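[1] sequence plus predicted model, see below.
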Amino acid sequence: MLVISTREFREKQGMYLGLAKRGEDIVIKSRENGSFKLIPVTEDDTLMSKEELFAKIDRASKNIKEGKGTTVHSKKELLEYLDNL
């Protein structure tokens, strides 16, 4: 793990972004703002606001109440269902 200052990050940000992309742990320390871990965003990451998340939950809840959900009765059924998404 590399621990660097905000100044060093600003001076060599391209290098540190590349290291993070290749899996290196990078921690940026700031006297005023604390510490931050630099990690790349992957396909598995979802970027949305709280409002978007809560709206999706509300829609899903409404669909379930209207009988539009899918019921699974076992782990095997669940895995098969997820494989077919």
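    Structure received. Residues are numbered from 1 along each chain as shown.

[2] quick one: distance of the helix ranked longest in the chain to the chain centre.
    The residue-count maximum for a helix in the chain (DSSP state H) belongs to helix 50-65. Here helix 50-65 is found 19 Å from its chain centre; the criterion is CA atoms, centre = their mean, to the nearest Å.

[3] can you point out the buried residues in that helix?
    Within helix 50-65, no residue qualifies as buried by neighbour count (16 or more other CB atoms under 10 Å). All C-beta spots, glycine's among them, are computed from the backbone N, C-alpha and C.

[4] show me what it is packed against.
    Taking 3 or more CB pairs under 8 Å, 6 or more residues apart in numbering; DSSP states H and E as the contact definition, helix 50-65 has no neighbouring helices or strands.

[5] which residues of the chain fall in strands?
    With DSSP state E, the ranges of strands along the chain come out as 2-5, 26-30, 34-38.

[6] hey, which of those strands is tucked in deepest?
    Across the strands of the chain, averaging neighbours per residue (mean count of other CB atoms under 10 Å) puts strand 26-30 on top, at a mean of 15.

[7] other residues contacting that strand?
    Strand 26-30 has contacts (CB atoms under 8 Å, 6 or more residues apart in numbering) with 1-6, 9, 16, 19-20, 35-38.

[8] is it possible to export the strands of the chain to CSV including mean pLDDT and distance to Asp83?
    Output for these, formatted as CSV (pLDDT from 0 to 100; distance: least, CB to CB, whole Å):
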stretch, mean pLDDT, distance to Asp83
strand 2-5, 97, 39
strand 26-30, 97, 36
strand 34-38, 97, 33
